[in-house]
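[1] Have a look at this fold, sequence not included:
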């Protein structure tokens, strides 16, 4: 079941720039004000993970793509594309509902995601938690 | 009326449960009409008019004394001579569509004062609904109610979405059924769906406790207040002093009496019963403060340990009970285990980390805490989402439907009247997945 909200073509283009061109470190997606389209809210080259976390608002839902780079023990550097659905407990029901029912449309449009994370509070999207998931899947 | 992109589609949302039918406008945060699903009726017309209309004749239903069906606020709860009561739902599924459609009509037309042919209607269904049932529902909506558009959505998915999760393990405890539904990316994982009539067992257990005498007190009579002429205040535990309305007693049907006694038990459960957070322990149960409760007869007593044994039935059954009844409904932990066992191992952790607790039955005191302590024993990272607001818990499915149906973009997914006329029943299965 889905809400019928579709991603703007720019979302896909920006994702390709991240995946192939490595132009961005992370992308934050959100809904436009009338809840009809998924749009790119922010792109950034910052490698500071805390900055990424700061872009996930406390009371609003977002989706994000993060190009996660980590050291695999004894196996060198790895890169993984992480998809985060950010839906904090304190967000409004309507916002959470639209976000949850629209996620699939965005998620399916983006090819090449290695790890998917559902975050409802900051501990679930913390660096260690994401690292743990990436390590497991590698 | 079509207004793509905007959030104004003037849709209605109807959620039918075993205990109540919820109906309201999409976009609202509470249903406008909440009526009991149980309705009253007369087997034979009280006046000797042989040409009485059909039971579910919508023009007659709910108009009061002249009709044979009594619904809503002044429906089954009002005592009437020779009135029987019945419920169109069996195990959470609509079994008898004629009264069900009359109930929906009563909620929409008589309470909300809407004309259903002006509004798209979204109806919810439990995950174990049958294809035949949902097609029948679509037929009623298009052919009888003449709705311009229709959609049927799964309560489990709606509850998960309302909690902001695309993937979740939805634990829904209703009046007759308890179910565990794994939702992955907005779809029900059919193989992991499990449900049992556990709440009925809990209810029967509570009734057994009340109706049977024990060393501390006598068996309690559950006369509803409609059958009591007067009563006097009595000391705690003293035999009640009341007089029954003999004039009514004879004309009371068994079905009504049974139903109302069940309501008395329900009321007792809701006011007094609880569940221990850390599993059963005689000492802990005995150390909890007792609670006083007064029945309609005037009998009142303090309930201590036994009030916790009621909730315990949700989580644990004694070996004796299990041996004596092989078809015993499964407990909540057993349902969860069974559901997870059917899911892929990598999914299990995701599901356990996103448990959504919903349904009126889950409002039982201590239920959420007990559930989390049960789950913590088997899984390292458990996170339970249980709204503290009782309205969100009770009407979670309705609320999810309300948000979904209010979205302008959702409009393209509705089944329109034209599509129904062109494709017929098959479109329901294709569109509403």
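    Thanks, I have the structure now. The structure displayed is predicted, hence computed values, not measured ones. Numbers count the residues shown, from 1 in each chain, chains lettered A, B, ... in the order given.
[2] helix, strand or coil for the closest residue to chain A within the stretch 201-350 of chain B?
    Residue of the stretch 201-350 of chain B nearest chain A, by CB to the nearest CB: residue B:350 (7.1 Å). Every C-beta, even on glycine, is put in place using the N, C-alpha and C of the backbone. Here residue B:350 is recorded as helix under DSSP: H, G, I helix; E, B strand; the rest coil.
[3] Surely it touches residue B:166?
    No: contact status for residue B:350 versus residue B:166: not in contact, 10.2 Å apart, counting by CB atoms under 8 Å.
[4] remind me which residues of chain A are low pLDDT?
    A:137-138 (pLDDT under 70).
[5] go again using 90 as the cut-off
    For chain A, the stretches flagged by pLDDT under 90 are A:1-4, A:33-36, A:70-79, A:89-90, A:92-94, A:118-121, A:124, A:132-138.
[6] Ok, the stretch 1-150 of chain B next?
    For the stretch 1-150 of chain B, applying pLDDT under 90 flags the ranges B:1-10, B:27-29, B:42-69, B:72-74, B:82.
[7] Setting aside sequence neighbours, what's the nearest residue to the residue most central in space within chain A?
    Against the mean C-alpha coordinate of chain A, by CA atoms, centre = their mean, the closest residue is residue A:64 at 1.9 Å. Spatial nearest neighbour of residue A:64, excluding adjacent residues (CB to CB, 6 or more residues apart in numbering or on different chains): residue A:84 at 4.4 Å.
[8] How about residue A:52?
    In space, residue A:52 is closest to residue A:26, 5.2 Å off (CB to CB, 6+ apart).
[9] For chain A, which residue gets nearest to chain B?
    Per CB to the nearest CB, residue A:96 is where chain A lies closest to chain B, at 2.8 Å.
[10] which element is that residue on?
    helix A:93-109 (DSSP states H and E).
[11] elements contacting that helix?
    strand A:6-7, helix A:9-19, strand A:26-31, strand A:37-44, strand A:62-72, strand A:76-86, helix B:155-162, helix B:396-406 (3 or more CB pairs under 8 Å, 6 or more residues apart in numbering or on different chains; DSSP states H and E).
[12] Which residues does stretch B:194-210 contact?
    B:91-92, B:126-128, B:173-180, B:219-220, B:222, B:261-262, B:265-266, B:268-269, B:273, B:306, B:309-311, B:313-314, B:328-332, B:335, B:338-339, B:342, B:361 (CB atoms under 8 Å, 6 or more residues apart in numbering or on different chains).
[13] The nearest residue to residue B:126 once chain neighbours are set aside: what's it in contact with?
    If the residues on either side of it in the chain are set aside, residue B:126 comes closest to residue B:92, at 4.8 Å by CB to CB, 6+ apart. Contact analysis of residue B:92 by CB under 8 Å, 6+ apart lists B:17, B:18, B:126, B:128, B:174, B:176, B:177, B:179, B:195.
[14] Quick check, residue B:72 in contact with residue B:106.
    Yes: in this structure, residue B:72 is within contact of residue B:106 by CB under 8 Å, at 5.6 Å.
[15] Which one of these two is surrounded by more residues?
    Neighbours were counted for residue B:72 and for residue B:106 using other CB atoms under 10 Å in any protein chain shown; residue B:106 has more, 26 against 19.
[16] Check the gap between the more buried one and residue B:315 for me.
    To residue B:315, residue B:106 is 37 Å away according to CB to CB, to the nearest Å.
[17] what does chain A have sitting close to chain B?
    Counting by CB under 8 Å from any CB of the partner chain, the positions of chain A adjacent to chain B are A:1-6, A:34-36, A:61, A:85, A:87-89, A:91, A:93-101, A:103-104, A:107, A:118, A:120, A:124.
[18] Give me the buried subset of those.
    Buried subset of the residues of chain A next to chain B (neighbour count, 16 or more other CB atoms under 10 Å in any protein chain shown): A:1-6, A:35-36, A:61, A:85, A:87-88, A:91, A:93-101, A:103-104, A:107, A:118, A:120, A:124.
[19] For the helix or strand where residue A:132 lies, which helices and strands make contact with it?
    Using DSSP H and E, residue A:132 sits in helix A:127-137. Counting contacts by 3+ CB pairs under 8 Å, 6+ apart, helix A:127-137 is packed against strand A:62-72, strand A:76-86, strand A:115-119.
[20] tell me the angle the shortest one makes with strand A:62-72.
    Taking axes from the mean of the first three to the mean of the last three CA atoms, to 10 degrees, one finds that strand A:115-119 is oriented at 130 degrees with respect to strand A:62-72.
[21] Strand A:115-119 pairs with which strands, and in what direction?
    The pairing partners recorded for strand A:115-119 under DSSP bridges are strand A:76-86 (parallel).
[22] tilt between the partner strand and helix A:127-137?
    Calculated by the same axes, to 10 degrees, strand A:76-86 forms an angle of 120 degrees with helix A:127-137.
[23] so how far is strand A:76-86 off the chain centroid?
    9 Å (CA atoms, centre = their mean, to the nearest Å).
[24] And for stretch B:403-413?
    So, by CA atoms, centre = their mean, the centroid of stretch B:403-413 is 26 Å from its chain's centroid.
[25] cool, and stretch A:105-121?
    6 Å.
[26] Flag every buried residue along that stretch.
    Here stretch A:105-121 shows A:105, A:106, A:107, A:110, A:115, A:116, A:117, A:118, A:119, A:120 as buried, counting by 16+ other CB under 10 Å.
[27] how about the residues of chain B near chain A?
    B:5-7, B:29, B:153-154, B:157, B:160-167, B:185-187, B:350, B:353-354, B:383, B:385, B:392, B:399-400, B:403-404, B:406-413, B:432-433.
[28] so what's the residue of the stretch 51-200 of chain B found nearest chain A up against?
    For the stretch 51-200 of chain B, the residue closest to chain A is residue B:164, as judged by CB to the nearest CB, at 2.8 Å. Residue B:164 makes contacts with A:61, A:87, A:88, A:89, A:91, A:93, A:95, A:96, A:97, A:99, A:100, A:120, as judged by CB under 8 Å, 6+ apart.
[29] How about the secondary structure of the nearest residue to the second one once chain neighbours are set aside?
    Meaning residue A:87. Leaving aside its sequence neighbours, residue A:87 sits nearest to residue B:164 (CB to CB, 6+ apart; 3.6 Å). State at residue B:164, reduced to three classes by three-state DSSP: coil.
[30] any idea of the pLDDT on residue B:164?
    Residue B:164 is assigned 88 on the pLDDT scale.
[31] Also residue B:195?
    At residue B:195, the pLDDT recorded in the model is 94.
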